[in-house]
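In: pasting a predicted model and its sequence here:
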Amino acid sequence: MGRGGRLNRLARRLLPALAVAVLLAAALLLANDAAGGSHRLAAWYPWVLGASALALLVLLAVIAQRLWRLRRDLRDGVPGARLTRRVLVRLIALALPPVVVVYGFALNFLDATIDTWFDVRMERALDDALDIARVYVEERLRAAQESGAALARQLAGLSDAELQASLDSRIDAEGALALTVFGADQAVLATASSDPQFLTPALPDSAALLQVQSAGRYAAAEPFGERTILRIVLPLPSAAPGGMRLLQALYPVPARLQPLAAGVEQASFDFQRLKFLRESLKLTFTLVLSFVLLLSVLFALLAAFGTARRLTAPIGRLAAATRAVGAGRYDTPLPVPPNDELGFLLASFNQMQHELELASSRLKQSAQETEHQRAYLTAVLERLSAGVLGLDRDGVLRTANRAAETILDVPWTRHLGQPLAAVRTAQPRLAPLVDAILAHIRAGVREWREELVVERGEERRVLMLRGAELAPLLGDDAGVVAVFDDLTLLDRAQRDAAWAEVARRLAHEVKNPLTPIQLAAERLRRRFIGRLPAEETELLDRATHTIISQVEALKAMVNAFGDYARPPQIEPRPLSLTALVGEVLDLYENDQRIRLIRRFAAGETVVRADAGRLRQLLHNLLKNSLEAIGDTRQPQIEVTICDIVENAQNWTELAVADNGPGLPDGFDARWFEPYTTSKAKGTGLGLAVAKKIAEEHGGSIRAENRAGGGAVFTVRLPRERG
Amino acid sequence: MRFWKKCRNIQIRIVGRLAALLAALPIAACAPAPAALEVRGAQIEGAVLRAQIAWRPAAQVQEALDHGIPLDFVVRVTAQSAPRFGLRRTVAERQRHLQLRYYPLSRQYQWADLDLQQARSYGSRALALAALDDLRLPLPDWRAPQAESYRVAIALDRGALPGALRLAALLRPAWWLASPEYVWAAAAG
């Protein structure tokens, strides 16, 4: 924290305390001064009031700032802000009413107490006493006038020189304090005094002289220091022309009466002064009490803020730390206050946070391991060649691996979360599989195994389905897992192997006796034709001819079986498929039975293949088409070569299409097996050999009907990279 | 019933007083001081200040006077030299303290010179106020040969008021009695 920050913080702490101190001092000073008669601090009143107003403003500003900050914290949802507000309201609600009540009653009490000082009867008594004193003084004044008038008459004829002696002689007899004769210009002509205070004559003012002129005399009681004197001014009848002389006689109030009159005057005066000051006194005390009230209220507010902050700060920190823990952060240890319940709570929180951190760490590690296991299982499932379906106890699909999608060409992932029965509705061809699984689930069979066939387009998929309950491993409601293997290839391979064995045995067992049969038939012809009668010779000729031709036919069939059974011995090399197909088609170009159409892709298509085997494949397909065309009018065969890309792999497709009757009903993959034909003649090996040659080259063969009639056989071969 | 009535009276009184107090504060801060006390002319004759002062006391002040509150005034007279570098130097300064009070027994108003312990009584308040029309105040030991100008002002000494009245005097304009300074050239007398 910088120097400015420290100063700011210091000011924020000191200013409220200073303001409270100023208000307190002001209240004390004003209360003391109003009650007492001291004038020591009278000059500081404006400063006291100014300082009080400033202190009040400072306190209000500090409180306003804290209220504003609290409002901002409430708006921002700062932890502890709402609690602070609640504590603040409670503390103020507790502190304010007593203060206000005491303030009200104190004001009323002061009001009533000050009013009781002024008793009407006492005021009347004092007024009466003052009137009595006045009456007495007036009596004395009249007596003094008479005495003064008599003296004036005595002095009337005296010269200025005689006046002094006369006054000196008369002063004691008159009982006067001072006797003075002065002229119109206020020049003292003669004076005598019985009191040293009056050695210097205090002449009357112009107003008194005016009264003398108008009324012929002036008589008044006048205050003189602590006492009252009676002043009489009379004109002296003067013998001298133009010279006006005035006699001033000062008489005392009798000594016995003087203190009594002064006491009455003082008491009455004090009462009147106090009566006048009553409202000011009330105002002063109201101000003092208001300062005290403000001091109490503002101090209570400040204390409430401080208390609320001290109370809620740890709770606010606790709330913030709780939020952090809720958000998964455990790195906010709380400072623990010593030896109180809050300290125990915070220590417990820290302990809990530590344990949560450990548990979270373990959980995270466990989750990582689980995730790793899951990823491992997913990877294993994805790489399994068998299809795997996971279902819950209600038959809802929960998981499916990629092989399941590949084998059946079904997007299982789209059906995750759906009942298997719904999948059946969406994919009716999966009925054998779905029905089997659901039946086993319903039956509650722990493990099952069965073979079933599912149609996939025009293919038949032979599946080996195995299922098992997961309950023994994962609990009662874990569901079941169904695993199916595609046995189609295996089945086909087994069939192919079986046919190959048949062909091999046929070739071996049948071919061997054919040659002796043929030789024996030829020997019979040579020996007996021409030696036997014509009729028998003709019979022999027909019989041996039939034997020889049938043996030839059997040999051809056996050779064909031999070709099929022969293990693949191909010598693949890059060759131009366009050229090879062209050469083969040239052989059929002159055939008047058909019209050949060539549709080759532009450029040269190169494949890696055994030329002889590929020619045999093409011959087989062309022969198949020729045989299929039969009696079709305007027969034509269309041979197409095109390049395609599928699954990021380059392929070349060779298609032989005819406009014959098309594929027979129920044509499927089995028609590519040996001895499957719809024709009366033929060995049933043409398509089987073609399929075998395509597969030997890493390709495939498929058959489909054309839209305009006829069938098309398409051989797909991997294209050689150019 | 009586209790609630009393409470309501107390409440009204407190609110009224607080309102008066709150109203007085801004008035005290903002209201201009009325020129109730003014020095209309002044001369220095030797060692005597002669001043012509006009004072129209407010009713509240008159009431205070009649109820025995003595009013103390301070007369400040200053002699200043000719300006040098724009600044005037005070060459002589005196403060004189006067007091006006009422004596109920004799019904006399009295001006007292508190410094010289001299007093003069007047039979009425009007006469006492009229005495200010030609106020003569001796200035003992007054020497101001370098004086180029004189200044005189008179003000009520609020600090001398009774304690109970001081705060009210601060807040009520009727008690803000201070004349503007009267300035005259030394040559003029």
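Out: Looks like it came in fine.
In: check which helices and strands the host helix or strand of residue A:154 sits against.
Out: For residue A:154, the host element (DSSP states H and E) is helix A:120-155. In terms of contacts (3 or more CB pairs under 8 Å, 6 or more residues apart in numbering or on different chains; DSSP states H and E), helix A:120-155 is packed against helix A:160-174, strand A:218-224, strand A:227-236, strand A:245-252, helix A:258-326. All C-beta atoms are positioned from the backbone trio N, CA, C, and that covers glycine.
In: who does the second one pair up with?
Out: Looking back up the chat, that one is strand A:218-224. Applying DSSP bridges, strand A:218-224 is found paired with strand A:227-236 (antiparallel).
In: buried set for the partner strand?
Out: Neighbour-count burial for strand A:227-236, counted by 16 or more other CB atoms under 10 Å in any protein chain shown, picks out A:227, A:228, A:229, A:230, A:231, A:232, A:233, A:234, A:235, A:236.
In: ok, residues contacting it?
Out: A:137, A:140-141, A:144-145, A:148-149, A:152, A:155-156, A:177, A:181, A:204, A:208-209, A:212, A:216-222, A:244-253, A:258, A:261-262, B:103, B:105-106 (CB atoms under 8 Å, 6 or more residues apart in numbering or on different chains).
In: same check, this time on stretch B:127-140
Out: With CB under 8 Å, 6+ apart, stretch B:127-140 has contacts from A:205, A:207, B:44, B:47-55, B:57, B:75, B:77, B:94, B:96, B:98, B:100, B:109-111, B:113, B:116, B:120, B:122.
In: repeat the analysis, applying 7 Å as the threshold.
Out: A:207, B:47-53, B:55, B:75, B:77, B:94, B:96, B:100, B:109, B:111, B:116, B:122 (CB atoms under 7 Å, 6 or more residues apart in numbering or on different chains).
In: stretch B:70-88 now?
Out: B:49, B:65, B:89-101, B:137, B:139, B:144, B:146-157, B:160.
In: which of those are buried?
Out: Counted by 16+ other CB under 10 Å, the contacts of stretch B:70-88 give B:49, B:65, B:91-92, B:94, B:96, B:98-101, B:137, B:139, B:144, B:147-154, B:156-157, B:160 as buried.
In: check which residues of stretch A:702-718 are buried.
Out: Buried, per 16+ other CB under 10 Å, within stretch A:702-718: A:702, A:703, A:706, A:710, A:711, A:712, A:713, A:714, A:715, A:716, A:717.
In: take those residues and write them to a markdown table, including distance to residue A:55 and secondary structure.
Out: Compiled in a markdown table, these are given as follows (distance: CB to CB, whole Å; DSSP: H, G, I helix; E, B strand; the rest coil):
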| residue | distance to residue A:55 | secondary structure |
| --- | --- | --- |
| A:702 | 103 | strand |
| A:703 | 108 | strand |
| A:706 | 108 | coil |
| A:710 | 112 | coil |
| A:711 | 111 | strand |
| A:712 | 107 | strand |
| A:713 | 110 | strand |
| A:714 | 104 | strand |
| A:715 | 107 | strand |
| A:716 | 101 | strand |
| A:717 | 104 | strand |
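In: between those, which is closest to chain B?
Out: Chain B lies nearest to residue A:716 out of these, by CB to the nearest CB, at 104.2 Å.
In: quick one, domains of the chain?
Out: Since you didn't name a chain, this refers to chain A. For chain A, automatic domain parsing gives the domain ranges A:14-116+A:273-322, A:138-254, A:384-485, A:493-565, A:573-718.
In: that's the wrong chain, I wanted chain B
Out: If you go by automatic domain parsing, the domain ranges for chain B are B:1-31, B:35-188.
In: okay, the ones you listed in CSV with mean pLDDT next?
Out: Shown next, in CSV, are these (pLDDT from 0 to 100):
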stretch, mean pLDDT
domain B:1-31, 50
domain B:35-188, 88
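In: among those, show me which one is buried the most.
Out: domain B:35-188 (a mean of 17; mean count of other CB atoms under 10 Å in any protein chain shown).
In: report the distance from that one to the chain centre.
Out: 6 Å (CA atoms, centre = their mean, to the nearest Å).
In: just stretch A:427-444 next, same as before
Out: For stretch A:427-444, the distance to the chain centre is 48 Å (CA atoms, centre = their mean).
In: pull the CA atoms of that stretch into PDB?
Out: Only the C-alpha atoms of stretch A:427-444 are listed here, as PDB (Å, rounded to 0.1, in the frame of the first residue of the first chain):
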ATOM      1  CA  GLN A 427     -35.500 -50.900 -39.800                       C
ATOM      2  CA  PRO A 428     -37.900 -53.800 -40.500                       C
ATOM      3  CA  ARG A 429     -35.200 -55.900 -42.100                       C
ATOM      4  CA  LEU A 430     -33.600 -56.100 -38.600                       C
ATOM      5  CA  ALA A 431     -36.600 -58.000 -37.300                       C
ATOM      6  CA  PRO A 432     -34.900 -61.400 -36.900                       C
ATOM      7  CA  LEU A 433     -32.100 -59.800 -34.900                       C
ATOM      8  CA  VAL A 434     -34.300 -57.500 -32.800                       C
ATOM      9  CA  ASP A 435     -36.900 -60.100 -32.100                       C
ATOM     10  CA  ALA A 436     -34.400 -62.600 -31.000                       C
ATOM     11  CA  ILE A 437     -32.700 -60.200 -28.600                       C
ATOM     12  CA  LEU A 438     -36.100 -58.900 -27.100                       C
ATOM     13  CA  ALA A 439     -37.300 -62.500 -26.800                       C
ATOM     14  CA  HIS A 440     -34.300 -63.500 -24.800                       C
ATOM     15  CA  ILE A 441     -34.500 -60.400 -22.600                       C
ATOM     16  CA  ARG A 442     -38.200 -61.000 -21.900                       C
ATOM     17  CA  ALA A 443     -37.400 -64.600 -21.200                       C
ATOM     18  CA  GLY A 444     -34.800 -63.600 -18.700                       C
END
